[in-house]
Structures are given as structure tokens and as C-alpha cells.
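Student: What follows is a predicted protein model with its sequence.
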Amino acid sequence: MLERFECYAFTALCSVNFFISCLLFSAVSREQREPYMDEIFHVPQAQKYCQGKFTEWDPMITTLPGLYLLSVGVIKPVVWLADFSGTIVCSTTMLRFVNLLFNCGNLYILYLIICRLHLKDKSRTAGRRVLSALTLSTFPVLYFFTFLYYTDAGSTFFTLFTYLMCLYGCHKAAALLGICAILFRQTNIIWVAFCAGTIVAQKLDEAWRVEQSKKRDEKTPSQIPLALSGVKRVARFLLEYLTATTNIKTMILSTWPYVIVGFGFVAFVVLNNGIVVGDRTSHEACLNFPQLFYFFSFTLVFSLPLSLCYHRLLRFVQSLRKHPLLFLLMAAVSLLLVWKFTFVHKYLLADNRHFPFYVWKRIFQRHHLVRFLLVPGYLFAVWNFLDMLKSKTLFWILAFFVCLLAATVPQKLLEFRYFILPYLLYRVHMPLPSLHRLLLELALYTAVNAATLYIFIYKTFHWPDSTAVQRFMW
């Protein structure tokens, strides 16, 4: 009876979400009929594919053609069935509508992932699972690009679908979906690798438990070793496990679909002479370690309704008192990384249509010491991030952190869109929050979405040397 109620509630929320999204989509498309920002590259390219011109390519586009191929695959049959013709076929509005469908897909995939990860007390958590999925599908940075023809909605859908299949043990299907995710954005290879990493982490957990049971040690791999002896013990275990031939063979047999995708991606990089297709001048990799701090700060802000409470602040203070040398070392390393590895992309300083431009201008450029003064805040954000994942095992956290490093640090440009997937993966793995905290989270996301869409639609401006209407966006 409760399962049937959950099904009805989820279906009703899906319908309401789609209806509201359609209204917002109509408002955005009515005010901004022409392609805007990166759409000036994506829309014409998709229209070429609609015309069957698959050999023509805009060199300014840096991602693979997954979005355009899928758009044609969706739109062409609909056009044929509805007997549409003329400019409506593959128009900007029609192309944007594809992302509205992805939004529905993301809601469903998120719900399935949450159900898979939070199996305990199913009858008591039904409403919270549904509300969690609905809230995350309206995650502001992702939801905003539902109304424009960008790769984010499709990239998120296929990456989350890949992870869902991985959770269910359908690794061959996960690998195929991972290829689709890569066709939307090349960096999604990192999250395909994460799927393989979770399998390896599970094997490591099992081996660790066996070893500790032999030694009758009470400590579990879910505890992050803060003492030097604990770090040495884990490092010794990893070295012994990962150098054993039988263990390597077991891991390869368990992850072979992802390994094949990895080899295929390496071949693509070699043949393409790099990850980026098209224009590479604005997408050069670097070691921008502060990107990690920006991500943790971003995560802290958007998970504030779930994570911030008096008891957590108290635990942080207690942790500072208990491990003062560790936090001093972390602060010193963080200051060094901020000092030596801060890179600022030319687009961040030049394009005043993006919110990161104002974040950088009004915070980081206020004084040259601001970036160093923010380090204590970064440390709290990192501690809060790890504290919210304390139910996960050490090896799972290591796999996630390695992929997080690979997804953020090489990026020179501060772009909040790059944080969508790691944030969603972090959020679904948090313990299922209470109902009132979920409602606070939904309220926060709704307020941010309302503000950003209102600003985009109504707070337009003009550049002095152009008559074109400019709009603010993520």
C-alpha cells in the first residue's frame, strides 16, 4: 500500500514538475528567441545535422556531437509523425525542448539512484526519497540550463544513468551509457572511471575486513585515518593488495567493460592529439588546485539546509582541538596551493554576463589577501564535506576524491557548471535528511531558481559597443 502511494506521489510530482518547467520554458523562449551565449555554436551545428550535413563542423565547438545526434534522433521522428515543416523543424525552441525532456529523465534517474542507495526503512523514508529526487532535479545550476540548448542536462542524464546501472551491477550497460555520456562531454570519462573505482573500493573493503578480522582490530575502513600510523597502515595495505597478481586479475575481470571504454578514450585522445575537439586555445589544462576549494565552498552553500547545525559546528571545534597539528598542516598546504597555483582564465575577467565574474570581482579582487583569508572557510567546507560522507567507507571516499581532483583541478576557468555532477553524486550519497531539512533545501533551490530566471528574463543590459540584448546567467 505504501509502495503504491509512493508511486502515485512520484508520478504526481513528475507531472507538476514538467508542467511548471513548461511554463518557465515558454517564458524564457518568448523573451530570448534567438540563440544566446554558447547556443550560437550549438544551435547552428544541430541544424546542420538536421539537414543531413554530418561532415560539417564548427571548429569553435569543443565537445563531441552527442547532443546534436540525439536531438536529431528525437526531433526527426516527431516532425515526421506530426507532419511539421518549415522553420519549426530544428528551430531554437524545438532544440531547447530536448533538454526539458532530459530534466524529466534526470528526475526519474535521481529517484532510482536514491532508492538504490537508501534501502533501509523503505516504508518510513518513501516521502523523503521522492522529495530528495524532486529537489535535486531542480538543482539551480543544472535546472537553469534546462531552458537553453546546452550539453549539461544530457550530460548529467547519461552520467547518472551510467552510475545507476553500475549500482545495479549491470556493468556492460553502464559502460555503453558511459560512452553516450562521453559523447556529450569528454570529461565524463572521469565518472565512468569512478564507476570502476567503486567496484575496486568494494573489493578493497572486503579484503580490509578480512585482514582486520585476523588481527582482531576494531577499526573499520569507514574511519579516515588522522594519525600517521593509520595512514601508514592503509598505505601498506593498498601497496600489498594492488601489487598482488591475483588481485589485479580479479579487478580487471570485475571492471573490464569500463577498462575497454578507458582504452577507447585513450585511443581517441592520441588520434585527436588531445581531449578537446575544435578550438583548444581557451581550454588549456593546468594545475588549478584552488578549484577544489571553490567546489567545497559551492557544496557548503547549496547543502547548507542539510548540513549546518549547532552540533556540527561544535564537532568541528572539537576536531580542531583534538587535531591542531593536522589542521595547521592543512592550512599551510592550502595557503601554499592558493599562493602558487591560482590561475585566472581570461573569460572570467572579461565576460560580465556570468555570475562567476561578479563572485571573482566582488570577493577575490577586493584585496589581494582575500584569497588567503578564505582558507579557514575552505578548511571548514572540506571538513563538512567529509563529515557528511562519514557513512561511506574510506576506499569509496578515496575513489570519489581522486575523480573529484581529476574533474576540477585541470580546469582553468571557474565555471559552476563543472560542479554539477560531483555535487549531485555527493548529495545522493549523504544520509537521507529529515523532512523539514528537505523542505528547506527545496525552498533554497526554488528561491535561487526564481531569482536567476527573473534576472535572466527581465534584468537585461547592453554593452556600449553593441545593440544586442545581454542577459545574466550562471
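Tutor: Done, it's in.
Student: Show the low-confidence segments of the stretch 51-200 of the chain, by residue range.
Tutor: Where the stretch 51-200 of the chain drops to pLDDT under 70, the residues are 82-88, 121-124.
Student: Near the closest residue to residue 460 other than its chain neighbours, how many other residues are there?
Tutor: The shortest distance from residue 460 to any residue other than its chain neighbours is 4.9 Å, reached at residue 469 (CB to CB, 6 or more residues apart in numbering). All C-beta spots, glycine's among them, are computed from the backbone N, C-alpha and C. The number of residues packed near residue 469 is 13, by other CB atoms under 10 Å.
Student: surely residue 469 meets residue 459?
Tutor: No: in this structure, residue 469 is not within contact of residue 459 by CB atoms under 8 Å, at 10.9 Å.
Student: Centre-most residue in the chain?
Tutor: In the chain, the centroid-proximal residue (CA atoms, centre = their mean) is residue 421; its distance is 1.0 Å.
Student: Phi and psi next, for it.
Tutor: phi -70, psi -50 (degrees, to the nearest 10).
Student: residues in contact with it?
Tutor: 155, 156, 159, 160, 188, 191, 407 (CB atoms under 8 Å, 6 or more residues apart in numbering).
Student: let's see it at 6 Å
Tutor: Taking CB atoms under 6 Å, 6 or more residues apart in numbering, we find residue 421 in contact with residue 159.
Student: how close does it get to residue 42?
Tutor: Going from residue 421 to residue 42 by CB to CB, to the nearest Å gives 19 Å.
Student: do the same with residue 296
Tutor: In terms of CB to CB, residue 296 sits 30 Å off from residue 42.
Student: Tell me where the stretch 51-200 of the chain has helices.
Tutor: When assigned using DSSP state H, counting those that start in this stretch, the helices of the stretch 51-200 of the chain occupy the ranges 66-82, 92-117, 122-137, 140-144, 152-167, 171-184, 189-215.
Student: Over to the stretch 301-450 of the chain?
Tutor: Counting by DSSP H, counting those that start in this stretch, the helices of the stretch 301-450 of the chain are 304-307, 310-322, 324-340, 346-350, 355-359, 370-373, 375-388, 394-408, 420-429, 435-458.
Student: just the CA coordinates of the fifth one, formatted as PDB?
Tutor: It refers to helix 355-359. Extracted in PDB, the C-alpha atoms of helix 355-359 (Å, rounded to 0.1, in the frame of the first residue of the first chain):
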ATOM      1  CA  PHE A 355      27.700  35.100 -12.200                       C
ATOM      2  CA  PRO A 356      31.300  33.900 -11.500                       C
ATOM      3  CA  PHE A 357      32.500  37.200 -12.900                       C
ATOM      4  CA  TYR A 358      30.900  39.000 -10.000                       C
ATOM      5  CA  VAL A 359      31.900  36.400  -7.500                       C
END
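Student: Show residues contacting that helix.
Tutor: Under CB under 6 Å, 6+ apart, the answer for helix 355-359 is 351, 414, 474.
Student: The first one: what's it in contact with?
Tutor: Yep, that's residue 351 we're talking about. residue 357.
Student: now do 10 Å
Tutor: If a contact means CB atoms under 10 Å, 6 or more residues apart in numbering, then residue 351 has 37, 345, 357, 470 as its contacts.
Student: burial of the nearest residue to residue 360 once chain neighbours are set aside, as a residue count?
Tutor: Nearest non-adjacent residue to residue 360, counting by CB to CB, 6+ apart: residue 348, 5.6 Å away. When neighbours are counted by other CB under 10 Å, residue 348 registers 19.
Student: Can you give me the separation between residue 348 and residue 430?
Tutor: Taking CB to CB, one finds residue 348 at 30 Å from residue 430.
Student: hmm, back to that, which one of the helices of the stretch 51-200 of the chain is the most hemmed in?
Tutor: Most buried of the helices of the stretch 51-200 of the chain, by mean neighbour count (mean count of other CB atoms under 10 Å): helix 152-167, with a mean of 24.
Student: quick one, it and helix 171-184 angle?
Tutor: 160 degrees (axes from the mean of the first three to the mean of the last three CA atoms, to 10 degrees).
Student: now helix 152-167, how far from the centre of its chain.
Tutor: 10 Å (CA atoms, centre = their mean, to the nearest Å).
Student: tell me the angle of it relative to helix 189-215?
Tutor: 30 degrees.
Student: wouldn't residue 107 be in contact with residue 10 here?
Tutor: Yes: here residue 107 reaches residue 10: they are 8.8 Å apart, a contact under CB atoms under 10 Å.
Student: and for the two, which residues touch both?
Tutor: The contact lists of residue 107 and residue 10 share 130, 133, 134, where a contact means CB under 10 Å, 6+ apart.
Student: which helix in the protein runs the most residues?
Tutor: helix 2-31 (DSSP state H).
Student: who does it touch, helix- and strand-wise?
Tutor: helix 92-117, helix 122-137, helix 140-144, helix 435-458 (3 or more CB pairs under 10 Å, 6 or more residues apart in numbering; DSSP states H and E).
Student: could I get those helices as a markdown table with distance to residue 368?
Tutor: Supplementary listing: these in a markdown table, determined by distance: least, CB to CB, whole Å:
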| stretch | distance to residue 368 |
| --- | --- |
| helix 92-117 | 40 |
| helix 122-137 | 37 |
| helix 140-144 | 28 |
| helix 435-458 | 30 |
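Student: Tell me the confidence at residue 400?
Tutor: Residue 400 carries a pLDDT value of 96.
Student: one step back: and which of the shared contacts of residue 107 and residue 10 is nearest to residue 444?
Tutor: residue 134 (13.5 Å; CB to CB).
Student: circling back: residue 55 is nearest to which of the helices of the stretch 301-450 of the chain?
Tutor: Of all the helices of the stretch 301-450 of the chain, helix 346-350 comes closest under CB to CB, at 29.7 Å.
Student: what's the closest non-adjacent residue to residue 174?
Tutor: That would be residue 165: by CB to CB, 6+ apart, it lies 3.7 Å from residue 174.
Student: Top of the contacts of residue 351 by number of neighbours, please.
Tutor: residue 345 (20 neighbours).
Student: dump the residue contacts of it.
Tutor: Counting by CB under 10 Å, 6+ apart, residue 345 has contacts 282-284, 286, 288, 351, 356, 360, 411-415.
Student: same question, residue 238
Tutor: Residue 238 neighbours (CB under 10 Å, 6+ apart): 204, 207, 208, 395, 398.
Student: What of residue 446?
Tutor: 135, 138, 140, 143.
Student: Buried ones in stretch 266-273, by neighbour count?
Tutor: residue 268 (16 or more other CB atoms under 10 Å).
Student: my bad, stretch 456-474
Tutor: 456, 457, 471, 472, 473, 474.
Student: quick check, nearest of those residues to residue 232?
Tutor: When the buried residues of stretch 456-474 are compared against residue 232 (criterion: CB to CB), the nearest one is residue 474, at 43.4 Å.
Student: How is residue 254 assigned, secondary-structure-wise?
Tutor: Under DSSP: H, G, I helix; E, B strand; the rest coil, residue 254 falls in the helix class.
Student: Excluding covalently adjacent residues, which one is nearest to it?
Tutor: residue 199 (5.1 Å).
Student: Residue 386 is in contact with residue 397, isn't it?
Tutor: Yes: in this structure, residue 386 is within contact of residue 397 by CB under 10 Å, at 7.2 Å.
Student: Pick out whichever of these two has more residues nearby.
Tutor: residue 397 (20 against 14).
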